[in-house]
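**Q** Curious how this folds, go ahead:
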Amino acid sequence: MNSWKLGAIVVFTVAGLAAAYVTHIPLVVGFSGGLLVLSLTVMRDLGIGTRRLFSMMAEGVAHTKEVVWILLLVGLLIPSWTASGTIAFLVDAGLRLLYPEFLLTFGFLFAAGFALTLGTSTGTLSAVGIPLMGVAAHIGVPLPMMAGALLSGAFVGDRTSPFSSAHRLVASSAGVPAASLFRILLPTSCAAFVLSSLLYGILDWVGDWGTGAIALSGGRSGFVLHPLLAIPPVLLLLANVFRLQTKYAFIAAIVSALALGFALQAGDWRDWIVWLWEGYTASASSEGAAGIGGKGVVDMIDLVALIALAGAYNGILEKTNLIMPIARRLLGGESATLASMTARAGLFGFGLGVVSCTQTLPIMMTSRNLAGVWTERYSNEHLARVTADTSLLFAALVPWNMLAILCGTIVGVPAEQYALYAFFVWLPPLLTYGWSVWLGRRSGAAAAGVQTGARNRAAGT
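**A** A predicted model of the protein is given here:
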């Protein structure tokens, strides 16, 4: 299969996804056409049989099972925390303890510290993001801003923490020691962190959120608020601290919330089944849950189907190695500068994030497929930096990417709404390009200095 044909399939796939997104039909419908065309094309052009094709697709689907688990459990966690009064209790506590006029800045810094410690973006957004989204909804902070701040903080850890699986994947794929990657990322990390903090501080100062901050009372929230309601988020935090598998951490938080809800709040078991399946809404809604309720397991079914199809698509791309020829031609000839190679590698990672619907595939393919050409001219440390600053982060900005869907589902705000305010997600790609420009000029100036010195010495002799 030639690169033009593959490019046409990719464009067709992206067009289907975009059309489905714009017209508000299930994304799985838009994606199905691209998967079908890719399947038929590899069968015809590469001579792959039906059994082999389904084997590749099944292997790709198997790699998505952890994401599927988390999505389904998020569909249970949000209504269980809302119906049990856990969200109302956390909102009440947040309004009493926080300085609401600096909520965006606090949310970013707190999520960043939590994510750096634990190395998990989904765990951070679940334990920290859900209650802070409730506080933001209550005091009038625009939810896309709050979601962007929390997502930015979560990705400080996802990208930078030595405990993050994505961080370690970048290191292994680019061929650099995991212990060295933090140092390699330090210049762009510090710049992006400081700029993000300043931008959230400016938004807080302009927004003046504190004027609407009045603590909830038990009567106004409609729930019985009790300190025991802190148990579900505490269990989630502890499970992440002790590196328990994410799905088991979610299960512990859900079961404890259900037990507390039965003990403290109204409703019989039939009500709870409906809430878990359809989401906690209608007459059960309350101020304390404003802006974050309404999601149940049924809302996750379309997303699970999309993720399964994306896994099948990725399985075909990986096993047939169709991306390799394009990757090798992408970086240009010997005259390509570090800046131009950085830009092209970033675009390559973004394109993979758009079509593959994952975070893992762009990281692996950017590093592994470009490494052979990249290391002929520059060190693999530069490639690791560029991959971490582009491919790792771009997944959170593509509305139909698995990671963006998962993050948007947890905070209740879709990617196209939070993207503008997720400063730490889109600043590093710009900063890493600028850093490559500066490094390229510095090395060029150093080389010119060496050549001038050599000419002077030759003239002196």
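**Q** Residue 21 is in contact with residue 28, isn't it?
**A** No: between residue 21 and residue 28 there is no contact under C-beta atoms under 8 Å: 11.6 Å. Any C-beta I mention is one placed from the backbone N, CA and C, and that applies to glycine too.
**Q** of the two, who's got more company?
**A** residue 28 (21 against 16; other C-beta atoms under 10 Å).
**Q** what sits against that one?
**A** Residue 28 is in contact with 302, 305-306, 309, counting by C-beta atoms under 8 Å, 6 or more residues apart in numbering.
**Q** What's the separation between residue 67 and residue 303?
**A** Per C-beta to C-beta, to the nearest Å, residue 67 is found 9 Å from residue 303.
**Q** list residues touching both of these two?
**A** Joint contacts of residue 67 and residue 303 (C-beta under 8 Å, 6+ apart) do not exist.
**Q** Following element in sequence after the least confident helix or strand in the chain by mean pLDDT, please.
**A** The helix or strand of the chain with the poorest confidence is helix 218-221; it has a mean of 48 (mean pLDDT, DSSP states H and E). Per DSSP states H and E, the first helix or strand lying C-terminal to helix 218-221 is helix 231-241.
**Q** State the mean pLDDT of that following helix.
**A** Averaging pLDDT along helix 231-241 yields 83.
**Q** gap between it and the chain center?
**A** How far helix 231-241 lies from its chain's middle: 21 Å, per C-alpha atoms, centre = their mean, to the nearest Å.
**Q** Need the residues that contact that helix.
**A** Contacts of helix 231-241 (C-beta under 8 Å, 6+ apart): 80-81, 84, 86, 90, 117-118, 120, 123, 126-127, 131, 246, 248-250, 252-254, 256-257, 260.
**Q** buried sites along it?
**A** 231-233, 235-237, 239-240 (16 or more other C-beta atoms under 10 Å).
**Q** mind pulling up the phi and psi values for residue 208?
**A** Per-residue torsions, residue 208: phi 50, psi 50 (degrees, to the nearest 10).
**Q** That one: how many residues sit nearby?
**A** Residues contacting residue 208 under the criterion other C-beta under 10 Å number 11.
**Q** now it: how far from residue 298?
**A** To residue 298, residue 208 is 39 Å away according to C-beta to C-beta.
**Q** and the contacts of residue 28, which are buried?
**A** By neighbour count, with 16+ other C-beta under 10 Å, the contacts of residue 28 hold 305-306, 309 as buried.
**Q** Now, these that are in helices?
**A** Cross-referencing the buried ones among the contacts of residue 28 against helices under DSSP state H gives 305-306, 309.
**Q** Take these and lay them out in a markdown table including pLDDT.
**A** Shown next, in a markdown table, are those (pLDDT from 0 to 100):
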| residue | pLDDT |
| --- | --- |
| 305 | 86 |
| 306 | 82 |
| 309 | 87 |
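**Q** Could you single out the nearest of the residues you listed to residue 72?
**A** Distance to residue 72 across those (C-beta to C-beta) is lowest for residue 305, with 12.1 Å.
**Q** So what does the residue nearest to that closest one when sequence neighbours are not counted look like in phi/psi?
**A** Distances taken as C-beta to C-beta, 6 or more residues apart in numbering place residue 28 nearest to residue 305, at 4.5 Å, with adjacent residues excluded. The phi/psi pair for residue 28 (degrees, to the nearest 10) reads phi -60, psi -30.
**Q** Packing partners of the helix or strand containing residue 369?
**A** Taking DSSP H and E as the criterion, residue 369 maps to helix 360-374. Using 3 or more C-beta pairs under 8 Å, 6 or more residues apart in numbering; DSSP states H and E as the contact criterion, the elements in contact with helix 360-374 are helix 165-174, helix 301-320, helix 324-330, helix 338-356, helix 380-389, helix 391-394.
**Q** Show me what counts as buried in the longest one.
**A** To tie it back to what came earlier, the one meant is helix 301-320. Per 16+ other C-beta under 10 Å, helix 301-320 contains these buried residues: 303-320.
**Q** per-residue confidence averaged over stretch 244-261?
**A** Mean predicted confidence for stretch 244-261 is 87.
**Q** just stretch 339-357 next, same as before
**A** Rounded mean pLDDT across stretch 339-357 is 86.
**Q** Format the CA atom coordinates belonging to that stretch as PDB.
**A** Extracted in PDB, the C-alpha atoms of stretch 339-357 (Å, rounded to 0.1, in the frame of the first residue of the first chain):
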ATOM      1  CA  ALA A 339      13.500  23.300  14.700                       C
ATOM      2  CA  SER A 340      12.100  22.000  11.500                       C
ATOM      3  CA  MET A 341      12.400  18.400  12.700                       C
ATOM      4  CA  THR A 342      10.700  19.300  16.000                       C
ATOM      5  CA  ALA A 343       7.800  20.900  14.100                       C
ATOM      6  CA  ARG A 344       7.400  17.900  11.800                       C
ATOM      7  CA  ALA A 345       7.700  15.400  14.600                       C
ATOM      8  CA  GLY A 346       5.000  17.400  16.500                       C
ATOM      9  CA  LEU A 347       2.700  17.400  13.500                       C
ATOM     10  CA  PHE A 348       3.300  13.600  13.100                       C
ATOM     11  CA  GLY A 349       2.300  13.000  16.700                       C
ATOM     12  CA  PHE A 350      -0.800  15.200  16.400                       C
ATOM     13  CA  GLY A 351      -1.900  13.400  13.300                       C
ATOM     14  CA  LEU A 352      -1.500  10.000  15.000                       C
ATOM     15  CA  GLY A 353      -3.500  11.400  18.000                       C
ATOM     16  CA  VAL A 354      -6.300  12.400  15.700                       C
ATOM     17  CA  VAL A 355      -6.600   9.200  13.800                       C
ATOM     18  CA  SER A 356      -5.500   6.600  16.300                       C
ATOM     19  CA  CYS A 357      -7.700   7.900  19.200                       C
END
